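>>> test case, fold it:
(2 chains)
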Amino acid sequence: MRAIDEPTPFWRFVSYVLLGIWTFVVLFPLYWVGITAFKLPIDVNDGPFYLPGIDFQPALDAWQYLFGTMLGDTLRPYLNTVIVALCSSAIAVAFGTMAAYALVRLTYRPRVGAILGFVACVLLAILAVALAGVPWQVAVACGLALFALLLFGFGRRFKKALGNDDIAFWMVSQRILPPVTVVVPVYVVFQHLGLLDTRTALVITYVAVNIPIVVWLMRDFLSGIPLELEESAMIDGASRYRIFWSIVLPLSTPGLAATFILVLIMAWNEYLLALFLSSANSQTLPILIAAQNATRGPQWWSMSVLIIVMIVPVVLLAIALERFISRGLLIGAVKG
Amino acid sequence: MAVALAEPATAAGRQPFAGRGERLAPAVFILPAVLIVLAMSIFPLIVSLYLSLSRFKLAKGGFSVDFIGTLNFQKLLFGSQQFHLLGKLEPLSPVAWACVAIVGLAALWPAISGLRRGAGIAFLISRLVIAAGILAVAVLFGATASNDGQLGSLGVTLIYVFVGVAVQYLIGLGLAFLCAQKLAGRRFFRVVFFIPMMITPVGIAYTFRMLTDTTKGPFAPFWQMAGLGDFAWAATAWGARIAVMIGDAWQWIPFMFIVLLAALEAQPVDEIEAATVDGATRWQVFRYLTIPAILPVSVTLILIRMIEAFKIVDLPNVLTNGGPGIASESLTLHAFMAWRALDLGGSAAIAYILLFVVTFFCISFAALTRRVAPAS
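Next up, the predicted model:
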């Protein structure tokens, strides 16, 4: 960490004032949530009280309510959030890193004709399910068979092919896709599969949403690993999988850590998809917090408790690993 | 899938042990990611397109989906739902026309300068398309700016994106400059400023609902002193929008800050020292060394934030519930409301319009800033 220049005393004073103001802007909302969690409803409703122990008596009622009376209803969403965030991030980082490695080190030449044929077959299958009422298993099987026929029958005629950069661009550009555009069909599919309101559905969806970020960040990280190491391993007869597992992964631990944390936080805080895909069983914490605005009006004290238990783990993680994360973000932003 | 046709060619040439597993390696590495992304975004996208062109009805023993062509889009763009998406449009006032004309001329500038440089026809067409898009946005705002006009969810989303991201960038940049100086306690400020990014937007929405409460919130005494005790943020259109933007800025300024700070610190210190020794003024150092160092990062950063900002939904939904009326409703929230009202076709149509708008603005931004951006 290098500082650019030494400020003059006057400028130093101004800087501290401005930084102090922003520190207040950042910390005061958190402080307010913190003390609201220890207020009784009457302390909230009778107007602003600022200092616990001086203008109001801190009470644990909200905590007792949420972790005593309503323990089951609080723990289940918490457990859901932990499981969904950890599983989806682990899978997304695993698949995304594999794809990123492949895009950096292997050569792909997918043919345009093959891709178009595949999409056409899928379209046919979807239309068959939607219009003709064909069971989806049959439609998928027929579509795949048709694609195989097309591929081996006509595949050789179309020579135009895409490269690695096209695949990477396609993958990363998935971030532009607003989730709301795809969530209704996803909802219908999960309903058909009987997966609606399960953690599995959320994990699958979050993996799909987060893979583009992983590919984007890890591609730049992996391309920085010296090729010579891999080449010498290859000459010694190591397989691709072995090289990936024992050479590439250990060398990219810092990048993996930064990416994992970023993806974890996104899955931890995700709201819209959980709103569509979960109701009672797989409810996550953001949904539970939003639900505290109940028929009796907003339960500020309960909300504050939930917000605290929700943000404390990620904030601690972020503080501990701030250096990692900012470097990971910079790599992404510089290489784009 | 097409990738199965990939040929395993590596920098080291043919592997000594090219067994079956080895030959399948390219597919094994990339297929899980490709298949999941295909299954979860491309196919639903196709289905969504079909949904947006059809009417969804609950029928006996389930539902029916009838193909109705572009009726959903017509209803949103010209028909009974126009007020919700585009807003209540009124004839433009002379002042509004003047503003639109100025914006239009500015939007045409890239095309004009391309013409003077003798750029190709494709370049000119792309710049004209971008200018047309910007002009359309200007007309939209001009038509909703009069007294009887009212912004729809499209205009509100554009305000969230452009005003929001601009404010976030500027404040983030200012903080990054402050923290890049040689000050005691820099590490403390860095970590503190970083925290809001980690907090769930739903939590932020409720926190700011508490803070903006003018009767029971922490700033209530100040509001009462200013004679605004009866003022409620969420009850006025602009109050609600600004509350949403403040919450969003509070969360995302840290992102801008942390990346810009890292970029500032990555500046070559030697160059700056050399320039200072050679007698460069502070301004020259800033103009010729600092700005080129942070410009490419800034462009990517703004693009990333733009993409994410278009998806805003949690804050308006929880903070203001899209209200008063539809005044703070973003496009995603609009689509969600339509879905909840079982208007699946309308919901898909709104989502498609959002997709179109995001893609248009992101590609335009990338095209207009290509000269300063890193190759992506």
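>>> neighbours of the residue nearest to residue B:88 when sequence neighbours are not counted, how many?
Counting by CB to CB, 6 or more residues apart in numbering or on different chains, residue B:150 is the residue found nearest to residue B:88 once chain neighbours are left out, at 4.1 Å. Where you see a C-beta, it was placed from the backbone N, CA and C, and this is true even at glycine. Per other CB atoms under 10 Å in any protein chain shown, the neighbour tally for residue B:150 reads 20.
>>> residue B:150 is in contact with residue B:143, isn't it?
No - counting by CB atoms under 8 Å, residue B:150 sits too far from residue B:143 to count as a contact (10.3 Å).
>>> now for these two: what residues contact both?
Both residue B:150 and residue B:143 are in contact with residue B:87, where contact means CB atoms under 8 Å, 6 or more residues apart in numbering or on different chains.
>>> now do the longest helix anywhere in chain A, average pLDDT.
If you go by DSSP state H, chain A has its longest helix at helix A:71-105. Averaged across helix A:71-105, pLDDT comes to 91.
>>> which strands and helices lie in contact with that helix?
helix A:164-172, helix A:199-223, helix A:253-269, helix A:285-290, helix A:300-320, helix B:20-37 (3 or more CB pairs under 8 Å, 6 or more residues apart in numbering or on different chains; DSSP states H and E).
>>> dump the residue contacts of residue A:125.
Contacts of residue A:125 by CB under 8 Å, 6+ apart are A:136, A:139, A:140, A:142, A:143.
>>> walk me through the domains of chain A.
Using automatic domain parsing, the domain ranges for chain A come out as A:1-69, A:74-107+A:195-336.
>>> okay, buried residues for stretch A:251-262 please.
A:251, A:252, A:255, A:256, A:258, A:259, A:260, A:261, A:262 (16 or more other CB atoms under 10 Å in any protein chain shown).
>>> likewise for stretch A:231-245?
Buried-residue list, stretch A:231-245, by 16+ other CB under 10 Å: A:233, A:234, A:238, A:239, A:240, A:243, A:244.
>>> same question, stretch B:288-308
Buried residues in stretch B:288-308 (16+ other CB under 10 Å): B:289-290, B:293-294, B:296-308.
>>> what of stretch A:181-191?
A:181, A:182, A:183, A:184, A:185, A:186, A:187, A:188, A:189, A:190.
>>> what do you get for stretch B:204-219?
Result for stretch B:204-219 [16+ other CB under 10 Å]: buried residues B:204-214, B:217-218.
>>> widest-spaced pair of the residues you listed?
B:204 and B:214 (19.0 Å; CB to CB).
>>> number of nearby residues for residue 24?
You didn't say which chain, so I picked chain A. Counted by other CB under 10 Å, the residues lying close to residue A:24 total 11.
>>> wait, I meant chain B there
So residue B:24, with other CB under 10 Å, has 14 neighbours.
>>> just to revisit the earlier point, tell me the most buried of the domains of chain A?
Mean neighbours per residue, mean count of other CB atoms under 10 Å in any protein chain shown, is largest over those for domain A:74-107+A:195-336, with a mean of 20.
>>> returning to what we had before: contacting chain A as well, which ones from the buried residues of stretch B:288-308?
B:296, B:297, B:300, B:301, B:303, B:304, B:307 (CB under 8 Å from any CB of the partner chain).
>>> can you spell out which helices and strands pack onto the helix or strand hosting the last one?
So that's residue B:307. Assessed by DSSP states H and E, residue B:307 sits inside helix B:291-309. Applying 3+ CB pairs under 8 Å, 6+ apart, we find helix B:291-309 packed against helix A:322-335, helix B:153-179, helix B:237-265, helix B:344-368.
>>> can I get the ones you listed in CSV including mean pLDDT and distance to residue A:14?
Below are the helices and strands packed on helix B:291-309 laid out as CSV (pLDDT from 0 to 100; distance: least, CB to CB, whole Å):
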stretch, mean pLDDT, distance to residue A:14
helix A:322-335, 68, 25
helix B:153-179, 93, 9
helix B:237-265, 89, 18
helix B:344-368, 90, 34
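>>> find me the pLDDT at the closest residue to chain B within the stretch 201-336 of chain A, would you?
Using CB to the nearest CB, residue A:208 is the residue of the stretch 201-336 of chain A that sits closest to chain B, at 3.3 Å. We note a pLDDT of 92 for residue A:208 in this prediction.
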